[in-house]
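Participant: generate a structure from the sequence data that follows.
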Amino acid sequence: MTVDEELGLLESQLRRLKIEYEVFFSNPQKKPPSDLEWKVLALLRKFSDGGRMNFSQRFRYNELAQRYAIYSDLWRKKSRIREEGYRRPVDAVLSIQGLRPEEHTPQHHKVYGVSHAAHQGPFAVQWADPSSESEKVEKLFVALTEAKKKAGEQVSGSLDSFKSFVQKKTEQIQKQHGCSTVEYVVDLADGKVKLTAKAKG
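Facilitator: Numbers count the residues shown, from 1 in each chain. So this is what the prediction gives:
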């Protein structure tokens, strides 16, 4: 089985797991779908080092790992409420409606993300020619995408369009300032994600 096929299997199993958990929470006689969840976790662990994957596969894997983390956090909360009984009206509402994923940040299963931008402050890269340093361009693209997601901004554009953008921008700055190296920085200013480029020398 190829990596893409296994990621496809992971995606379909995760979709099935979500449905089975919905059935479990709506039916008191049902048992949690532990076997299926174990299979999902086994696949997540298998790819957690990111070694066998190319950039687009790592990106897809990260999306699935993040989705599982959000789901599992919700399932854990709903299971606790189910076990303890409805002690407060808000718990009864939670058990019926569920949570919108954006209302909370999962605190576990972080191990299953292949992060290229696990940084607290600004993310910066430098290059003379982005076309010969594609790994740096990919890291900058991931850093920008993740920062926008965290800030609740819309993520648009593909890696290819981003590559052509930085290529043109780099050449423009080099021509304008007579420099050989250009630095790109992803930072948060006034709650908004900014990508700045400046001449370095």
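
Participant: list the helices and strands the helix or strand containing D73 packs on?
Facilitator: Element membership for D73, per DSSP states H and E: helix 55-84. On a contact count with 3 or more Cβ pairs under 8 Å, 6 or more residues apart in numbering; DSSP states H and E, helix 55-84 meets helix 3-26, helix 34-46, helix 89-97. Every residue, glycine included, has its C-beta placed from N, CA and C.

Participant: between those helices, which gets nearest to V166?
Facilitator: The closest of the helices and strands packed on helix 55-84 to V166 is helix 3-26. By Cβ to Cβ, the value is 27.0 Å.

Participant: just to revisit the earlier point, return the set of buried residues in the helix holding D73.
Facilitator: Residues 55, 57-62, 64-66, 68-75, 77-78, 81 are the ones in helix 55-84 that count as buried (16 or more other Cβ atoms under 10 Å).

Participant: and stretch 185-192, by the same measure?
Facilitator: Across stretch 185-192, burial judged by 16+ other Cβ under 10 Å covers 185-186.

Participant: same check, this time on stretch 122-136
Facilitator: 123, 125, 127, 130.

Participant: now, those residues that are in strands?
Facilitator: 123, 125, 127 (DSSP state E).

Participant: so what's the second one up against?
Facilitator: If you count contacts by Cβ atoms under 8 Å, 6 or more residues apart in numbering, V125 has them with 136, 139-140, 183-184.

Participant: can you tell me which of those lies closest to A197?
Facilitator: Using Cβ to Cβ, these come closest to A197 at Y184, 5.1 Å.

Participant: which element is that closest one on?
Facilitator: Using DSSP H and E, Y184 maps to strand 182-189.

Participant: in its sheet, what does that strand sit against?
Facilitator: strand 123-127 (antiparallel), strand 192-199 (antiparallel) (DSSP bridges).

Participant: CSV please, covering the ones you listed and showing mean pLDDT.
Facilitator: Formatted as CSV, the strands paired with strand 182-189 follow (pLDDT from 0 to 100):
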stretch, mean pLDDT
strand 123-127, 83
strand 192-199, 85
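
Participant: save these as CSV, and put in distance to T145 too.
Facilitator: Compiled in CSV, the strands paired with strand 182-189 are given as follows (distance: least, Cβ to Cβ, whole Å):
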stretch, distance to T145
strand 123-127, 11
strand 192-199, 10
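
Participant: and D49, which of these is closest to it?
Facilitator: Nearest to D49, of all the strands paired with strand 182-189, is strand 123-127, at 21.6 Å by Cβ to Cβ.

Participant: ok now that closest one, how far from the chain's centre?
Facilitator: Between the centre of strand 123-127 and the centre of its chain there are 21 Å (Cα atoms, centre = their mean, to the nearest Å).

Participant: cool, thanks, talk later.
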